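Trainee: take this sequence and fold it.
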Amino acid sequence: MRFFNILKNDYIRLFIKRESRVVLGNKNSTLWLLTVVLTVTFLAIAFSNASLSYLSYKMDDPFINWVDIKNEHDSDFSSFEMALDADANKEAYHYRGYQYDYHYTMMFYGPDDTKLQYLKCRFFQNLNTPLVEAILSDDNVVKNWRVADLSQLDVNSIGVIMTEEAMSKLGFTNAPSYIDLQIGAYDSYGYVDASEYGFDIHNEEYVRVPIPVLAIVNRLPGNVDMVSTAYLFKQRWNDNTYPFILGTHSEYAEKLCYFVPSDLNTESLQNKVNTIAEEYAVSLDYDDSSFYLPEITPFREGRFIIIDSYDGLSYQDWAAINKRLLDEYGGQGLYRVYEYDFSEYTINEKAYLSVHFDDLDKLGDFETYVRETFNVKIDMTQINAKENFNAVSTMGNILSALIIVFAIICIILFIVNLLKSYFQKIKRNLGTFKAFGISNRDLISVYVLIMAGIVISAIVVSVSATWFVQGALHICGVLKDGVFDYLSLWSFKTVCSIFVIIVAAIFTVYIVMKDLLKATPGDLIYDRQ
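Mentor: Purely as a prediction, here's the structure:
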């Protein structure tokens, strides 16, 4: 209460007003100098906050926390797999689980035969993982080109998730519903040519096999062009039913199956089918209600239809009807698909085993454990890169704390030097005040109030300036990865820093003034040491 009582004294209030002007200096130089120091400090804190948040995001990014381990066939891989299931190992090495993946390069067609590209593919054994969730996150998906419901990603889907760069390689400017895999035109024995069933032959000996597109994304782990399910990989090599080799399946050519996007006029399409039926003098059954192919459903909304007949149309007739429908509606998204003859198929060779870590703290210990126990080797380049990433995060936290400590020290030194130099100028006056009965406590309270007001004013101005810069950078689109701000002012750390700066300033003024005012009035007036 004493502090507030002295403010009721008119003389003290006049003294505070006068001394405030002197302490502020010429043209408020003290305030502006302190504001500059604090602005730089808060900019550094905001940059540190944003950088640490970005690093934290990256550290939690499943792209970073997955480690691929190749089966080199010279290790005890089966025992290694059993050890991965042990809860004690999961706790000791901070990993969540694992799955088998396959890597392979496949050839795909673009809109025309001139756009033919080998694409690096990764095939996941399981799609219900944080890695797939990260792949299909809002900040990674391009223009919302993705399957609407993640539950649609059944393990038996053969759909692919591809990068925008891969899409451009193939010559697409807009996300396709399907892309065509290049497969040999002959049957599994090399006898029957797919052209005998009316299928188009490309590059002299290949056919186009439609594969649904589930999403278009900015990036994929491992710098691959696309990812899909292990089911697609297995069916690609399925030598039981050869589902993708069109020359093996005459039944594919005995009817027409299509994907019809939701924005295509189905009434017009059905009328066209009826017109063709009249021209061929046959009955064409148009089914758009019960036909459903979950394994080859793309990201784009639509439905499947089937056009069938019991009137014995030849393969060439079906091919001619297909050409007429695609010539008219292909540009609107109509796409011919097939009811693939999938079957169970097992690939014994497990190419890759991917381990998902919660954090990277025990990654080095994990590498040593699996190498010494199971002779399983992990690419050290991958390990070192991930450990370096972890080290950068730790260093960022340390540097952030050091920035705050350094700023507080600078402010304390600034106040100490300011008060000492100022005291040398006015100590005779202060000695006179003490001789007339003003106590040390009252004088200390006056200077605490003055300096606290200056520091708080400087904090308000500097925080406002930093907040303005942060907002301006965001509005101008100056962002990391197009999403993350370079500055992030408001955090618990910032609030604590403001509190510590104010408390440190008040405490510094109190200690310095208490030390300077301990001399007697006579010593101050006559400048006796």
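
Trainee: relative to Ala46, how far out is Phe304?
Mentor: Remark: distance between Phe304 and Ala46 (Cβ to Cβ, to the nearest Å) = 53 Å. For every residue, glycine as well, the C-beta is placed using N, CA and C.

Trainee: the more surrounded of these two?
Mentor: Taking other Cβ atoms under 10 Å, Phe304 and Ala46 do not tie; Ala46 has more neighbours (24 against 20).

Trainee: distance of the more buried one relative to Asp285?
Mentor: For Ala46 relative to Asp285 (Cβ to Cβ), the value is 67 Å.

Trainee: report the separation between the two terminal residues of stretch 218-231.
Mentor: In stretch 218-231, first residue to last residue: 24 Å (Cα to Cα, to the nearest Å).

Trainee: and that stretch, average pLDDT?
Mentor: Averaged over stretch 218-231, pLDDT sits at 89.

Trainee: buried stuff in that stretch?
Mentor: Using 16 or more other Cβ atoms under 10 Å as the burial criterion, the residues of stretch 218-231 that qualify are 220-222, 224-231.

Trainee: kindly report the same for stretch 334-344.
Mentor: Of all the residues in stretch 334-344, those buried under the rule 16+ other Cβ under 10 Å are 334-342.

Trainee: surely Asn339 touches Leu293?
Mentor: Let me fix one detail, which is that residue 339 is Glu and not Asn. Yes. Between Glu339 and Leu293 a contact is recorded at 6.6 Å, counting by Cβ atoms under 8 Å.

Trainee: in the stretch 1-150 of the chain, which spans are helices?
Mentor: Here the stretch 1-150 of the chain has its helices, by DSSP state H, counting those that start in this stretch, at 2-6, 10-24, 29-60, 62-65, 77-84, 87-93, 130-135.

Trainee: quick one: which of those is nearest Ile454?
Mentor: The closest of the helices of the stretch 1-150 of the chain to Ile454 is helix 29-60. By Cβ to Cβ, the value is 5.7 Å.

Trainee: could you find the closest non-adjacent residue to Gly453?
Mentor: Distances taken as Cβ to Cβ, 6 or more residues apart in numbering place Ser20 nearest to Gly453, at 7.2 Å, with adjacent residues excluded.

Trainee: ok, the one you found to Val416 distance?
Mentor: Counting by Cβ to Cβ, the gap from Ser20 to Val416 is 19 Å.

Trainee: what do you get for Thr373?
Mentor: Thr373 is 60 Å from Val416, by Cβ to Cβ.

Trainee: same deal with Val36?
Mentor: 18 Å.

Trainee: hmm, back to that, now for Glu339 and Leu293: what residues contact both?
Mentor: Cys257 (Cβ atoms under 8 Å, 6 or more residues apart in numbering).

Trainee: so what's Met106 up against?
Mentor: Listed by Cβ under 8 Å, 6+ apart, the contact partners of Met106 are 118-119, 121, 181-182, 236.

Trainee: ok, 10 Å please
Mentor: Residues near Met106 by Cβ atoms under 10 Å, 6 or more residues apart in numbering: 117-121, 160, 181-183, 211, 225-226, 228, 232-233, 236.

Trainee: could you do Asp68 as well?
Mentor: 101, 103, 122, 221-222, 351-355, 378-379, 382.

Trainee: any weak-confidence spans in the stretch 51-200 of the chain?
Mentor: 59-61, 73-75, 150-153, 188 (pLDDT under 70).

Trainee: quick one: the strands in it?
Mentor: Along the stretch 51-200 of the chain, the segments classed as strands by DSSP state E, counting those that start in this stretch run 66-70, 95-109, 116-124, 141-146, 160-163, 178-184.

Trainee: that older thread, neighbours around the residue nearest to Gly453, how many?
Mentor: 16.

Trainee: tell me the spacing between it and Val40.
Mentor: Using Cβ to Cβ, Ser20 is found at 25 Å from Val40.

Trainee: repeat that for Leu246.
Mentor: For Leu246, the distance to Val40 - Cβ to Cβ - is 68 Å.

Trainee: more crowded one of these two?
Mentor: For Leu246 and Val40, the more surrounded residue by other Cβ under 10 Å is Leu246, and the numbers stand at 29 against 15.

Trainee: excluding its backbone neighbours, what's nearest the more buried one?
Mentor: Spatial nearest neighbour of Leu246, excluding adjacent residues (Cβ to Cβ, 6+ apart): Ala194 at 4.4 Å.

Trainee: just checking, the one you found touches Gly247?
Mentor: Yes. Taking contacts as Cβ atoms under 10 Å, Ala194 lies within contact range of Gly247: 3.9 Å.

Trainee: who touches both of the two?
Mentor: Between them, Ala194 and Gly247 share these contacting residues under Cβ under 10 Å, 6+ apart: 183-187, 201, 207, 253.

Trainee: ok, so of the residues you listed, who is nearest Phe436?
Mentor: Within those, the smallest distance to Phe436 is 103.4 Å, found for Ile183 (Cβ to Cβ).

Trainee: which ones are touching that closest one?
Mentor: 106-107, 194, 206-209, 236, 242-247 are the contacts of Ile183 under Cβ under 10 Å, 6+ apart.

Trainee: just the buried members of these?
Mentor: Judged by 16+ other Cβ under 10 Å, buried ones among the contacts of Ile183: 106, 194, 206-209, 236, 242-247.

Trainee: next one: the stretch of helix or strand Glu372 belongs to to chain centre, how far?
Mentor: Take DSSP states H and E as the rule and Glu372 turns out to sit in helix 363-374. In terms of Cα atoms, centre = their mean, to the nearest Å, the centre of helix 363-374 is set 29 Å apart from its chain centre.

Trainee: please apply the same query to stretch 466-483.
Mentor: On Cα atoms, centre = their mean, the centre of stretch 466-483 falls 18 Å from the chain's centre.

Trainee: just the mean pLDDT for that stretch, thanks.
Mentor: Averaging pLDDT residue by residue across stretch 466-483 gives 85.

Trainee: for it, buried residues please.
Mentor: 466, 469-470.

Trainee: and that stretch, end to end?
Mentor: The straight-line separation of the ends of stretch 466-483 (Cα to Cα) is 19 Å.

Trainee: same deal with stretch 484-498?
Mentor: Stretch 484-498 stretches 24 Å from its first residue to its last (Cα to Cα).

Trainee: in that stretch, what's buried?
Mentor: 485-489, 491, 493-494, 497-498.

Trainee: circling back: which among the shared contacts of Ala194 and Gly247 end up buried?
Mentor: By neighbour count, with 16+ other Cβ under 10 Å, the shared contacts of Ala194 and Gly247 hold 183-187, 207, 253 as buried.

Trainee: which pair of those spans the longest distance?
Mentor: Greatest spacing in those, by Cβ to Cβ: Gly184 and Ala253 (16.4 Å).

Trainee: picking that back up, so which of the strands of the stretch 51-200 of the chain is the most packed in?
Mentor: strand 160-163 (a mean of 26; mean count of other Cβ atoms under 10 Å).

Trainee: and the buried residues of stretch 334-344, which of them are in helices?
Mentor: Judged by DSSP state H, these include no members of helices.
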